[in-house]
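[1] what's the 3D shape of this:
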Amino acid sequence: MVLNKNFPVDIPEDIRDCRNITDLAKLLNINLKALFFFAYKKERLYLSFNIKKKNGGARNISAPIEALKNTTKKINSYLSVVYEEYKPKSVHGFVYDRDVVTNAGNHLDRKYILNIDLLNFFETITAQRIYGLFKRYPFIFGNKFASILTGIVTYNNCLPQGSPCSPVLSNMVCLKMDKQLINLANENGWRYTRYADDITFSANKISSNLANFASDGINVGEKIVNIINKNGFAINEKKTRLSSHNQSKWVTGIKVNKKCNVSRKYVRNVRAMLHVWEAYDEKLAEKTYNAKYNFGKNKKFRSVVNGKIEHIGHVKTKKDLIYIKLHNRYCELVGESHKRLPETKKDEYLNKVLMIQGQSGYGSGFFITQHLILTCAHVVKGSKKVKFTTRLNKLPVEFKEASVIDINIEKDYAILFSEKKFNEFVFKCNLNKGLNMYSHNDAYISVGYAGFRTDGNFWVEPSIADQKIVQTNQRKNVNSFDVSGAMWKGMSGGPIILEHTDYVEGYIVNGASSLDTSEDVKSHSFYPISNIPKKYYEPKFLTLLIDEMYGSRFTETKEVGMPDQFFT
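    Numbers count the residues shown, from 1 in each chain. Alright, predicted model coming up:
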């Protein structure tokens, strides 16, 4: 279906600029015959089917065929631009950058939660109501135009669940109701949100204006009921809930007592799915769970599991240990162990520390800013450029390149510049710690690549060890600290981290030359991070450096978002 050749060149950019059917056809890039076909030949344009609801029953879905779906997608994009101008902050369903989590987050740590479900939400939004919507501001379409557009977006005299533009149209129809309920909530010190047909009020004081408990259920406040009814909706009393301060509170499937959370049952279910997969195999697990939950032919078991895990991470945050452990189990099962996330601080350090390859040897290092790497001078020696990598790479070992911009032999440090920035690998450094502030009682952690090159191969797992300072060596120009635990060749340039602050306070400079624990080493030592000039942490220095090295030719590579993209 192509645009009629007789259409003039000027095409409306906004659906509100359309004043007749020809304008609409031009905007949607279809001919008039197709437009009328979509508006009136409904029985040939939709596929209807039922899907099971979690709490029983079925939801009827009417999905448009591909040609109509593409057209309604275009209509949705134009309608969404209009709704964006008027959307209330309290609406979280079918709105960009808002979802069930942002909806639930508005009701955290409130004493009372009132959940209201609107009865037969989409079926209640009739074709007549949509026609009236198009006749009013901000559209003000003519009778015929409003009728044709209504015919395209409705089915069986209502908004069909499954059509791309039904969500935004439902929000537009609810706009007046939302504003009235927002005003009512503000007057009473409540909070109000709506996610599709789920309405939520929360308060710290209960009153009959909000709701109260009755022998046969919940009595919703009269003003709330009146606003909902006058706007053409009805309350589903079976799904109305009032939670008091001593109960678990839920909003759109998310627990909101102190922080956003999922249910224990949800987490147990995901663990059970992973356990079956681990104990047997993916096909058997898929067969078992598909028979129980009916995922459907188009949904793979691993996709369902991954979706559930990511939902946990979205609700609890990606730093939550439960999410991280589930994510890592999934990565092992699908053969993507390089995507594992650190489960402890030590895991995080192991992921961030760098292996540095110079011309005549290798050692360790770490990012002190997004572009600058610190390592030992004796690691890079005469190299002008070095290569670096992390444990997150995929074998065989791949490297990125960095330029040596400064070497200090006396203090044994080298500063390297990476054209590509890696924010997620930067260590926090305590540059202001004086030598007299280092305590023998503090717990430190040393991290580095304690491996050796043999026959062109690397031991690609870094080492990590707990340390205590046993001796302070103070000389005129260089100060060092001996530590209690062993460190080895290859760890030079790696960070020394103060455990309770998570800050780097030194860099490794000396250790054993072999993995033989019986070897007598005079000192396993590190130098203080304060040896590094503070100018390297100043944005102005980096700007001048880039200008000197590249001039106007420098184009900064976009920051890497996830560890597995490190080498893409």
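[2] Any idea how far the helix or strand hosting R302 is from the middle of the chain?
    Using DSSP states H and E, R302 sits in helix 301-316. Taking C-alpha atoms, centre = their mean, to the nearest Å, the mean C-alpha location of helix 301-316 is offset from the chain mean by 12 Å.
[3] helices and strands around it, which ones?
    Helix 301-316 sits against helix 264-279, helix 282-293, helix 321-333, with contacts defined as 3 or more C-beta pairs under 8 Å, 6 or more residues apart in numbering; DSSP states H and E. In short, each C-beta sits where N, CA and C put it, glycine included.
[4] Export the ones you listed to CSV and append columns for mean pLDDT, distance to N441 and mean neighbour count.
    Shown next, in CSV, are these (pLDDT from 0 to 100; distance: least, C-beta to C-beta, whole Å; neighbours: other C-beta atoms under 10 Å):
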stretch, mean pLDDT, distance to N441, mean neighbour count
helix 264-279, 94, 39, 15
helix 282-293, 84, 51, 15
helix 321-333, 95, 29, 18
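[5] I'd like to know the beta-bridge partner residues of I415.
    Here I415 sits in beta bridges with L374, D406, going by DSSP bridges.
[6] how close does it sit to Y349?
    21 Å (C-beta to C-beta, to the nearest Å).
[7] repeat for I218
    52 Å.
[8] repeat for I409
    In terms of C-beta to C-beta, I409 sits 27 Å off from Y349.
[9] same deal with F399?
    In terms of C-beta to C-beta, F399 sits 20 Å off from Y349.
[10] more neighbours, those two?
    Y349 (23 against 14; other C-beta atoms under 10 Å).
[11] Using the three-state scheme, assign that one.
    Secondary structure, DSSP: H, G, I helix; E, B strand; the rest coil: Y349 is helix.
[12] now T200, which residues is it bridged with?
    N115, T193.
[13] Quickly note the distance from the residue nearest to the spatial centre of the chain to L354.
    Centroid-nearest residue in the chain, with C-alpha atoms, centre = their mean: H314, separated by 6.3 Å. H314 is 31 Å from L354, where distance means C-beta to C-beta.
[14] From what I see, V276 and A285 are in contact.
    Yes: using C-beta atoms under 8 Å, V276 is in contact with A285, at 4.3 Å.
[15] List of residues touching stretch 249-265?
    For stretch 249-265, contacts defined as C-beta atoms under 8 Å, 6 or more residues apart in numbering pick out 100-101, 103-105, 107-110, 113, 115, 193, 195, 198, 200, 241, 243, 248, 311-312, 315-316.
[16] Quick one: buried ones out of these?
    Buried residues within those, counting neighbours by 16 or more other C-beta atoms under 10 Å: 100-101, 103-105, 107-108, 110, 113, 115, 193, 195, 198, 200, 241, 243, 311-312, 315-316.
[17] Which residue ranges of the stretch 51-200 of the chain form helices?
    66-84, 100-105, 121-124, 127-135, 143-153, 166-173, 175-188 (DSSP state H, counting those that start in this stretch).
[18] quick one, which of the ones you listed is packed in tightest?
    helix 166-173 (a mean of 22; mean count of other C-beta atoms under 10 Å).
[19] what's it packed up against?
    Counting contacts by 3+ C-beta pairs under 8 Å, 6+ apart, helix 166-173 packs against helix 66-84, helix 121-124, helix 127-135.
[20] let's see 10 Å
    helix 66-84, helix 121-124, helix 127-135, helix 143-153 (3 or more C-beta pairs under 10 Å, 6 or more residues apart in numbering; DSSP states H and E).
[21] mean confidence score for the first one?
    So that's helix 66-84. Taken as a whole, helix 66-84 carries a mean pLDDT of 95.
[22] any idea of the angle that helix forms with helix 175-188?
    40 degrees (axes from the mean of the first three to the mean of the last three C-alpha atoms, to 10 degrees).
[23] Tell me how far helix 66-84 lies from the chain's centre.
    Mean-position distance between helix 66-84 and its chain equals 26 Å (C-alpha atoms, centre = their mean).
[24] mind starting the numbering at 33 from now?
    Let's use 33 as the start, then, which means that last one is helix 98-116.
[25] what angle sits between that helix and helix 159-167?
    Angle, helix 98-116 to helix 159-167, by the same axes, to 10 degrees: 50 degrees.
[26] got the angle for helix 98-116 vs helix 198-205?
    30 degrees.
[27] what helices or strands is helix 98-116 leaning on?
    Counting contacts by 3+ C-beta pairs under 10 Å, 6+ apart, helix 98-116 packs against helix 53-60, helix 64-72, strand 90-96, helix 175-185, helix 198-205.
[28] thinking Y128 is in contact with P199, fair?
    No: the criterion here is C-beta atoms under 10 Å, and Y128 misses it with P199 at 11.5 Å.
[29] Need the overlap of contacts for these two.
    S112 (C-beta atoms under 10 Å, 6 or more residues apart in numbering).
[30] Sketch out the low-pLDDT regions of the stretch 233-382 of the chain for me.
    When residues are selected by pLDDT under 70, those of the stretch 233-382 of the chain lie in 327-330.
[31] low-confidence ranges in the stretch 33-182 of the chain?
    33-41, 85-89.
[32] how about a cut-off of 50?
    33-40 (pLDDT under 50).
[33] show me the contacts for the closest residue to T320 other than its chain neighbours.
    Computed as C-beta to C-beta, 6 or more residues apart in numbering, the closest residue to T320 that is not its neighbour in sequence is V308, at 6.2 Å. Neighbouring residues of V308 by C-beta under 10 Å, 6+ apart: E314, L316, A317, E318, T320, Y321, F333.
[34] what's the distance between the second one and A475?
    To tie it back to what came earlier, the one meant is L316. Counting by C-beta to C-beta, the gap from L316 to A475 is 47 Å.
[35] can you check the fifth one too?
    Counting by C-beta to C-beta, the separation of T320 from A475 is 47 Å.
[36] same check, this time on the fourth one
    Shown here: E318 relative to A475, a distance of 47 Å by C-beta to C-beta.
[37] Please apply the same query to the last one.
    F333 sits 44 Å away from A475, going by C-beta to C-beta.
[38] of those two, who's got more company?
    Neighbours were counted for F333 and for A475 using other C-beta under 10 Å; F333 has more, 20 against 13.
[39] Not counting its neighbours along the chain, what's nearest that one?
    Nearest to F333 is E318, by C-beta to C-beta, 6+ apart, at 3.5 Å.
[40] okay but the one you found is in contact with K324, surely?
    No: taking contacts as C-beta under 10 Å, E318 lies outside contact range of K324: 11.0 Å.
[41] related to what we said a few turns ago, tell me the angle the helix holding R334 makes with helix 296-311.
    Going by the same axes, to 10 degrees, helix 333-348 makes 140 degrees with helix 296-311.
[42] where does the residue lying farthest from the centre of the chain land in three-state SS?
    Distance to the chain centre peaks in the chain at K508, reaching 50.5 Å (criterion: C-alpha atoms, centre = their mean). Following three-state DSSP, K508 is assigned to coil.
[43] how long is stretch 52-65 end to end?
    Its start and end residues considered, stretch 52-65 measures 15 Å (C-alpha to C-alpha, to the nearest Å).
[44] hmm, back to that, out of the helices and strands packed on helix 198-205, the one nearest I47 is which?
    Taking C-beta to C-beta, helix 98-116 is the member of those nearest to I47, at 4.0 Å.
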